[in-house]
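Chemist: one predicted model, sequence on top.
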Amino acid sequence: MTNLTTPVRPVRLGNMAASAERRADGSTIISSVETLGPYPRSIVDALKQWADKTPDAVLIADRDGAGWRELSFAQVRDAIPPLAQFLLDAGLSAERPLMILSGNEVEHFLLGMAAIWVGIPYAPISPAYSLVSTDFGKLRHIAGLLTPGMVYASDGTRFAPAINAVFSADTPLIVRSNPPEGRNAHVFADLLNTPVTQAVAAAHAAITPDTVAKVLFTSGSTGLPKGVITTNRMMACNQEMIRTALAFLADEPPVLLDWMPWNHVAGGSHNTGIAIYNGGSFYIDDGQPTPARIGRTLENLKTVQPTFFTNVPKAYEFLVAAFDEHPEARRNLFARLKLLQYAGAGLSQHVFDGLDAAARQETGQHVMIITGYGSTETAPFAFTTTWVVSQAGHIGLPAAGMSVKLAPNGDKTELRLKGPNVTPGYWRDADKTAEAFDEEGFYRIGDAVRFADAEDLGKGLVFDGRVTEDFKLSTGTWVNFAAVRAAVIGACAPLIRDVVLTGLDLNYIGAMIFPDLEACARHAGLPAGTDAETIVAHPAVRQKFVDSLAALAAKSTGSSNHVARALLMAELPDIDKGEITDKGSINQRAVRTHRADLVAALHADHPGPDIIVCPQKGT
């Protein structure tokens, strides 16, 4: 818990005020009362403005050996016209977009900006669909839906198996290196020499706020990826919403160090957009929140001192665990930092407390930890807190220019959203588009919320799980999925990655636990490279989970929150089966479906020896 007697590092934030209108049908409309300021027609117009104002300021950088490959605003601006001309010459259009298969790098950024500049939609695709998947099913589905006119992959050799399996031989390619043989492939560096004609200026003048800038594919909770249409208006107004709330962004150009993948809206629109819109510098972190890659983030923190840091909960968990052994990384992270941001529903309390403790150790102050909330369909910024909170889960109040509807849905309160940052729909999918909006045009995000304080709207809202994730036991008792999942993760931290809950129409709650295998191996004193089955079966690991789950069971108040049985999973979630998204989110339904035999074993009359039984206190 945060010690509120310690001073908070000063940071200028906006005033997130809202009004509420309660309706006779039981719904409530909450609207921001803050005025949304003017914003350009497109994010690339902001890029040009900063290139004229501060041409030599670093805009984008990625790692280059021991240092950084940096491009200034002027260098980015000047690279766009020849790239845009090449795309136009290749016949790319709204019907034949640009498809980018590889991850975050300078070339990816330049191609994306060039496409937006002349009104060509582009779609950054998860590299996992090409490099991790073995059947390329999701990539094939996306390609069929998108009908790309050109494909970019940084390394032609690495991506060759996916390219050869999915794209016809006449599909033109761009590569940074290793053009594959037998393909119509162009090397990126050569594109920069394309002679520029008036066609670029004409196409740039013709873009509007409604022009599609990019298509972002989301896997959702079930099914194949769907393409979220992202317009110029969505991206530009969303940055103005962000700056209205995070007013300090207007005071000095922000510095970001960020790994989050650009095929997701947080990394590719929210975070890069903050740098573009505010004249800031975006350093591409080649680390990741995994045991094998977190060291790169710690290394990068030796040379970059961010002023704004946003990340996924797992990354913060790794950083907190590494701070004691990497004091320089901790010092640099907090040296100039204005605040930390995380996705509101997912940060465990022990990680929240660890970040706060590290900040106080380095600065003698709290560095504000705020929560953002939104989705790909909201560009993504829709909610934030701009005040100190002491617990995870708060999402705050709606952004300037937005209104939201709170609609009764069973024993939950469903959240729906409306604003200029909300998508017009899904790419070439009229049915899913129609399903996504209610009769008043509010987007159905599928999440539930509750008031932090029923008597004080100013304290904002709290995430209350997915509307569809709660389930009933055979007794008719409702299980609050979000609360139980958070309780299991909290009880078993730091040896747990995630948990899938079972028990729909059954007698009790079960838990299929995906351990953090590296943390478990360290706990048991096992060497690196030990196989998963050995780690999970080790007596020290098993006993730690037995003890943690027994302590949780002792706190339970009834069948609605009593996890009665658990199973440690040695087999990781399978991306080809849809059990996990490329950003690491577990698909609960897919895991239960594909591992129905394990669900049955959890709920068998006579549990096997691998099942952890957790009696409730007093039983």
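Modeler: Yes, it's here. Residues are numbered from 1 along each chain as shown.
Chemist: where do the helices sit along the stretch 201-350 of the chain?
Modeler: Ranges of helices in the stretch 201-350 of the chain, per DSSP state H, counting those that start in this stretch, are 232-245, 265, 272-277, 294-300, 313-322, 327-335, 349-363.
Chemist: which one of these lies nearest to residue 82?
Modeler: helix 272-277 (19.8 Å; C-beta to C-beta). The C-beta positions use only the backbone N, C-alpha and C, and glycine is treated the same way.
Chemist: re earlier: highest mean neighbour count out of the helices of the stretch 201-350 of the chain?
Modeler: Among the helices of the stretch 201-350 of the chain, the stretch with the highest mean neighbour count (mean count of other C-beta atoms under 10 Å) is helix 265, at a mean of 27.
Chemist: now do the strands in the stretch 301-450 of the chain.
Modeler: 308-311, 339-343, 368-374, 381-384, 394-398, 403-409, 412-418, 443-451 (DSSP state E, counting those that start in this stretch).
Chemist: adding distance to residue 103, write these out as JSON lines.
Modeler: Below are these laid out as JSON lines (distance: least, C-beta to C-beta, whole Å):
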{"stretch": "strand 308-311", "distance to residue 103": "16"}
{"stretch": "strand 339-343", "distance to residue 103": "20"}
{"stretch": "strand 368-374", "distance to residue 103": "22"}
{"stretch": "strand 381-384", "distance to residue 103": "23"}
{"stretch": "strand 394-398", "distance to residue 103": "29"}
{"stretch": "strand 403-409", "distance to residue 103": "33"}
{"stretch": "strand 412-418", "distance to residue 103": "29"}
{"stretch": "strand 443-451", "distance to residue 103": "27"}
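Chemist: now tabulate those strands in a markdown table and tack on mean pLDDT, mean neighbour count and distance to residue 225.
Modeler: Below are the strands of the stretch 301-450 of the chain laid out as a markdown table (pLDDT from 0 to 100; neighbours: other C-beta atoms under 10 Å; distance: least, C-beta to C-beta, whole Å):
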| stretch | mean pLDDT | mean neighbour count | distance to residue 225 |
| --- | --- | --- | --- |
| strand 308-311 | 94 | 24 | 23 |
| strand 339-343 | 83 | 21 | 20 |
| strand 368-374 | 86 | 24 | 19 |
| strand 381-384 | 95 | 27 | 21 |
| strand 394-398 | 92 | 26 | 25 |
| strand 403-409 | 96 | 19 | 26 |
| strand 412-418 | 95 | 23 | 21 |
| strand 443-451 | 93 | 20 | 16 |
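Chemist: distance of residue 433 from residue 76?
Modeler: 34 Å (C-beta to C-beta, to the nearest Å).
Chemist: okay, these two: which has more neighbours?
Modeler: More crowded of residue 433 and residue 76, by other C-beta atoms under 10 Å: residue 76, with 24 against 16.
Chemist: sorry, back to before: nearest to residue 271 among the strands of the stretch 301-450 of the chain would be which one?
Modeler: strand 308-311 (6.2 Å).
Chemist: hang on, the earlier thing: any chance of the helices of the stretch 201-350 of the chain in JSON lines, with mean pLDDT and distance to residue 509 too?
Modeler: JSON lines is the format used below for the helices of the stretch 201-350 of the chain (pLDDT from 0 to 100; distance: least, C-beta to C-beta, whole Å):
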{"stretch": "helix 232-245", "mean pLDDT": "98", "distance to residue 509": "38"}
{"stretch": "helix 265", "mean pLDDT": "95", "distance to residue 509": "33"}
{"stretch": "helix 272-277", "mean pLDDT": "98", "distance to residue 509": "41"}
{"stretch": "helix 294-300", "mean pLDDT": "96", "distance to residue 509": "32"}
{"stretch": "helix 313-322", "mean pLDDT": "88", "distance to residue 509": "23"}
{"stretch": "helix 327-335", "mean pLDDT": "96", "distance to residue 509": "38"}
{"stretch": "helix 349-363", "mean pLDDT": "90", "distance to residue 509": "21"}
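Chemist: indicate which one of those is closest to residue 155.
Modeler: Residue 155 lies closest to helix 294-300 among the helices of the stretch 201-350 of the chain, at 18.2 Å (C-beta to C-beta).
Chemist: give me the most central residue, this protein.
Modeler: Among the residues of the chain, residue 266 comes closest to the average C-alpha position under C-alpha atoms, centre = their mean, at 5.1 Å.
Chemist: for it, what are its contacts?
Modeler: 260, 310, 312, 343, 380 (C-beta atoms under 8 Å, 6 or more residues apart in numbering).
Chemist: what's the farthest-apart pair in those residues?
Modeler: Most distant of the contacts of residue 266, by C-beta to C-beta, are 312 and 380, 12.9 Å apart.
Chemist: lowest mean pLDDT among the helices and strands of the chain, which one is it?
Modeler: strand 471-472 (a mean of 78; mean pLDDT, DSSP states H and E).
Chemist: sorry, back to before: so which of the contacts of residue 266 comes closest to residue 393?
Modeler: For the contacts of residue 266, the nearest to residue 393 is residue 343 (10.8 Å; C-beta to C-beta).
Chemist: residue 518: what's it in contact with?
Modeler: residue 291.
Chemist: correct me, but residue 423 touches residue 377?
Modeler: Yes. Contact criterion C-beta atoms under 8 Å: residue 423 and residue 377 qualify, at 4.5 Å.
Chemist: those two - which one has more neighbours?
Modeler: Comparing residue 423 with residue 377 by other C-beta under 10 Å, the one with more neighbours is residue 377, at 26 against 22.
Chemist: give me the below-cutoff pLDDT ranges for the stretch 151-300 of the chain.
Modeler: 219-223 (pLDDT under 70).
Chemist: which parts of it are strands?
Modeler: 173-177, 185-187, 212-218, 226-231, 255-258, 281-284.
Chemist: ok, which of those comes nearest residue 49?
Modeler: Taking C-beta to C-beta, strand 281-284 is the member of the strands of the stretch 151-300 of the chain nearest to residue 49, at 16.1 Å.
Chemist: show me what that closest one is packed up against.
Modeler: Strand 281-284 sits against strand 58-64, strand 255-258, helix 272-277, with contacts defined as 3 or more C-beta pairs under 8 Å, 6 or more residues apart in numbering; DSSP states H and E.
Chemist: between those, which gets nearest to residue 98?
Modeler: That would be helix 272-277 among the helices and strands packed on strand 281-284, by C-beta to C-beta, at 16.6 Å.
Chemist: just the CA coordinates of the closest one, formatted as PDB?
Modeler: Extracted in PDB, the C-alpha atoms of helix 272-277 (Å, rounded to 0.1, in the frame of the first residue of the first chain):
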ATOM      1  CA  THR A 272       4.700   6.300 -30.700                       C
ATOM      2  CA  GLY A 273       2.000   8.900 -31.100                       C
ATOM      3  CA  ILE A 274       3.000  10.600 -27.800                       C
ATOM      4  CA  ALA A 275       6.400  11.200 -29.200                       C
ATOM      5  CA  ILE A 276       5.200  12.400 -32.600                       C
ATOM      6  CA  TYR A 277       2.400  14.600 -31.300                       C
END
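Chemist: packing partners of it?
Modeler: helix 43-53, strand 58-64, helix 232-245, strand 255-258, strand 281-284.
Chemist: can you lay out those as a markdown table showing distance to residue 84?
Modeler: Listed next are the helices and strands packed on helix 272-277 as a markdown table, based on distance: least, C-beta to C-beta, whole Å:
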| stretch | distance to residue 84 |
| --- | --- |
| helix 43-53 | 10 |
| strand 58-64 | 17 |
| helix 232-245 | 15 |
| strand 255-258 | 25 |
| strand 281-284 | 21 |
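Chemist: right, I'll leave it there.
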